[in-house]
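Enquirer: fold the stuff below for me.
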Amino acid sequence: MAMTDKATRMLEYLAHTPAWVTAAEIADHLGVTPRSVRSYVTQVKTSTHPFTVIESGPEGYRLNRRAYDRLGEARVPPAPDAPAARLYRLVRQLTDATDGLDVYELAASSFVSDSTVETDLTRLRALLSDSGLGLSRHGSVVTLDGSETDRRRLLSPMFRAEGSRGLLELEAIHAEFASESLGAFKTDLLTMLDTEGYFVNEFGTTALLLHVAIAVDRVARRETPPADRTTPATPLAEQLGVLLQRHFRVDLDPQDLDFLAQLLATRVVTPGQDQPAQRVAANYVRPRDLAIVQRIVAQASAEYLVDLNDEGFIVRLTLHVRNLIDRAQDRSYSRNPLTRSIKTAYPMTYELAVYIASALQAQEQIEITDDEIAYIAMHVGAHLELQGRREELVTCVIVCPNYYDVHLRLVERIERLLGTDLEVSAVVTRSDVDWSTLHADLVLTTIDPKLHGDGVIVIKPFLTAADVDRIRLAASRVRRLRRRAQITGDLLKFFDARLFLRNFSPSSELAMIHALGERMQRLGLIDAAYIDGAIDRERMSSTAFTDHLAVPHAMAMTARQTSIAIVINDAAMDWGDSRVNVVAFIAFSAAGRASFQAVFDQFVEVFADRADVQRLIKRSIDFDSFIGELAHLMDQ
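Expert: Sure thing, here's the model as predicted:
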């Protein structure tokens with residue numbers, strides 16, 4: 001029995017949930033009945049036998065992570081009678097059969113009915129739309145018409161979709177195309193790219209290797225020699241040709257090599273590793289691209305009050321944007337296996353990336369996907385992390401009475417192991433300490449203190465691993481409490497009883513945005529343009545930042561007053577590819593720019609824990625109880 005899409009989604013949900021989950025909660029997440037959940041569990045158990053991937057008990061269901069990991073290692077193929085597997089196999093057979101396939105012989109060899117093959121051919125015709133390929137039929141013989149390049153481009157996305165969700169595994173390509181040399185080829189490729197001074201996107205390399213495997217597989221079946229090159233080869237194309245000959249003993253057509261080189265240039269590499277930003281800009285960046293990125297980054301910095309004005313960051317982002325534009329124009333987007341985690345864990349960083357992507361989309365008249373937005377977020381996040389690390393340092397005073405140079409060694413070890421977390425503001429080397437004069441987030445002392453509390457940690461003169469763990473934990477707690485203390489009061493001021501709704505479920509995401517926006521508009525908080533902006537933002541990328549929470553909003557901060565309209569529903573509603581129980585329409589005013597990032601991140605963080613959300617939904621029977629529960633969650 002093959003797993004349906006809902007069963008697969010259920011498995012993914014359990015994979016992100018460490019605790020037991022009831023059938024009712026899974027049903028709510030999927031938008032089905034608990035009875036359907038039981039059938040999905042049966043599907044998973046049958047499809048993944050002999051691995052017991054799902055455990056059942058009085059508290060519901062949970063993932064058996066050891067079995068799930070073993071399943072991944074075994075790489076159990078999809079059932080051969082599954083529609084997706086049959087369709088992929090049909091394309092492979094048609095691609096290889098230059099004289100076409102007989103429908104009746106195909107049905108017999110596949111052990112399916114003639115009508116099943118006809119249904120698969122109908123699905124294939126829809127899939128071939130805009131691919132450059134077509135089906136022709138003469139009697140019972142069906143032929144796939146089109147160029148060799150278009151055939152390969154069709155196989156690649158089908159294999160990715162059929163093989164697995166998320167990051168494509170190199171071993172899966174080995175198994176499908178019998179290309180055991182791919183691992184060694186990848187090693188030499190990465191060595192060559194590093195030698196040539198390229199930054200490498202590891203997530204893009206497997207997509208390139210898939211195209212290499214398909215090209216090698218197709219050439220091996222072809223008896224005609226490759227065509228002569230009529231145009232000069234690029235350095236990347238030449239180097240790829242040498243590696244392909246070394247590892248696979250094949251000579252690809254110049255067109256094939258140029259395509260792989262373009263794929264390498266737009267998905268895997270950017271030049272300028274270990275070079276100053278000015279030199280990279282002069283040698284590799286188009287002036288027009290740089291001007292566009294500089295303008296968009298300046299707008300984002302002004303809109304969100306963050307400092308993105310760094311030459312190195314802008315140059316690296318410009319190189320990435322050039323490749324992104326090329327991919328978007330060819331509609332050959334890169335997949336990003338970190339999209340979900342980036343969106344959930346770093347909502348504000350993702351929001352900045354959405355703003356940049358939206359401006360690029362309008363400028364270049366292209367479409368930018370969630371995965372591509374996540375790549376932009378990785379650039380933005382890396383820059384902001386370096387910028388904000390100093391601001392988040394926790395101060396500490398070290399108390400270590402002087403004995404030879406023990407205190408010096410202790411300070412040196414603390415700064416070396418904990419320098420990214422702590423800033424040593426003072427070192428006390430006396431034993432008669434005036435504890436009341438020590439002012440810092442943490443006090444680290446090698447002697448018994450006269451004061452006690454969460455911020456006072458007794459450590460060994462020769463720092464141990466356990467000491468380091470306790471200090472890191474305390475520093476993390478200080479940062480978390482500092483963040484929450486800064487915004488908890490302000491966040492609670494943004495709610496209004498008139499903008500609280502319970503079990504309110506319009507027909508769609510856009511209908512919900514309209515309904516909440518109109519309530520805010522009647523209260524004079526926003527205008528119609530803000531509602532339109534929120535709809536545009538939603539169309540750009542879903543605002544479902546966690547499995548339970550959607551935060552629709554506009555990117556322009558044009559509200560007259562910062563406010564949040566909140567909806568809490570017992571039953572989840574569809575929102576993009578997710579299902580959510582809580583919808584928070586946030587309207588930010590220009591005066592609220594400074595607090596935007598803290599409020600946005602904090603609000604999403606509150607709803608990241610499944611158990612907390614379930615308690616909030618259950619206990620928020622009215623506005624007052626909602627405020628009480630929210631304050632409790634933020635203060636814990």
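Enquirer: what about S425, neighbour count?
Expert: 16 (other CB atoms under 10 Å). The way it works is simple: take the backbone N, C-alpha and C, and place the C-beta from them, glycine included.
Enquirer: can you tell me which helix or strand it belongs to?
Expert: Assigned by DSSP states H and E, S425 belongs to strand 422-428.
Enquirer: for L317, what are its contacts?
Expert: V293, V297, I376, H379, V380 (CB atoms under 8 Å, 6 or more residues apart in numbering).
Enquirer: quickly find the element holding the first one.
Expert: Under DSSP H and E, the secondary-structure element containing V293 is helix 287-304.
Enquirer: put the alpha carbons of the helix or strand that that helix is followed by into CSV.
Expert: Tracing the chain C-terminally past helix 287-304 and defining elements by DSSP H and E, one meets helix 311-330 next. Output of helix 311-330 as CSV, limited to C-alpha atoms (Å, rounded to 0.1, in the frame of the first residue of the first chain):
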residue,chain,number,x,y,z
GLU,A,311,30.1,46.5,1.5
GLY,A,312,31.0,42.9,1.9
PHE,A,313,27.4,41.8,2.6
ILE,A,314,26.0,43.9,-0.4
VAL,A,315,28.6,42.5,-2.8
ARG,A,316,27.9,38.8,-1.8
LEU,A,317,24.2,39.4,-1.9
THR,A,318,24.5,40.9,-5.4
LEU,A,319,26.4,37.9,-6.7
HIS,A,320,23.6,35.7,-5.3
VAL,A,321,20.9,37.9,-6.7
ARG,A,322,22.4,37.7,-10.2
ASN,A,323,22.2,33.9,-10.0
LEU,A,324,18.7,34.1,-8.6
ILE,A,325,17.5,36.2,-11.5
ASP,A,326,19.0,33.8,-14.0
ARG,A,327,17.3,30.9,-12.3
ALA,A,328,13.9,32.7,-12.1
GLN,A,329,14.0,33.7,-15.7
ASP,A,330,14.7,30.0,-16.6
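Enquirer: could you give the angle of helix 311-330 to helix 287-304?
Expert: 110 degrees (axes from the mean of the first three to the mean of the last three CA atoms, to 10 degrees).
Enquirer: chain center to helix 311-330, what's the gap?
Expert: 18 Å (CA atoms, centre = their mean, to the nearest Å).
Enquirer: L90 sits in which helix or strand?
Expert: helix 83-96.
Enquirer: so, low pLDDT: which residues of the stretch 301-450 of the chain?
Expert: For the stretch 301-450 of the chain, the stretches with pLDDT under 70 are 386-392.
Enquirer: which stretches of it form strands?
Expert: Taking DSSP state E, counting those that start in this stretch as the criterion, the stretch 301-450 of the chain carries its strands at 394-399, 422-428, 442-445.
Enquirer: please identify the most buried of those strands.
Expert: Ranked by mean neighbour count, the strands of the stretch 301-450 of the chain are led by strand 442-445 with a mean of 24 (mean count of other CB atoms under 10 Å).
Enquirer: who touches stretch 267-280?
Expert: Outside stretch 267-280, the residues that touch it by CB under 8 Å, 6+ apart are 193-194, 197-201, 204-205, 207-208, 283-284, 311-312, 314-316, 319-320, 323, 327, 334.
Enquirer: list buried residues within those residues.
Expert: Neighbour counting with 16 or more other CB atoms under 10 Å marks 193, 198-201, 204-205, 207-208, 314-316, 319-320, 323, 327, 334 as buried within those.
Enquirer: for V551, give me its contacts.
Expert: V551 makes contact with P347, T543, F545, V583, A584, F585, I586, F600, F603, V604 under the criterion CB under 8 Å, 6+ apart.
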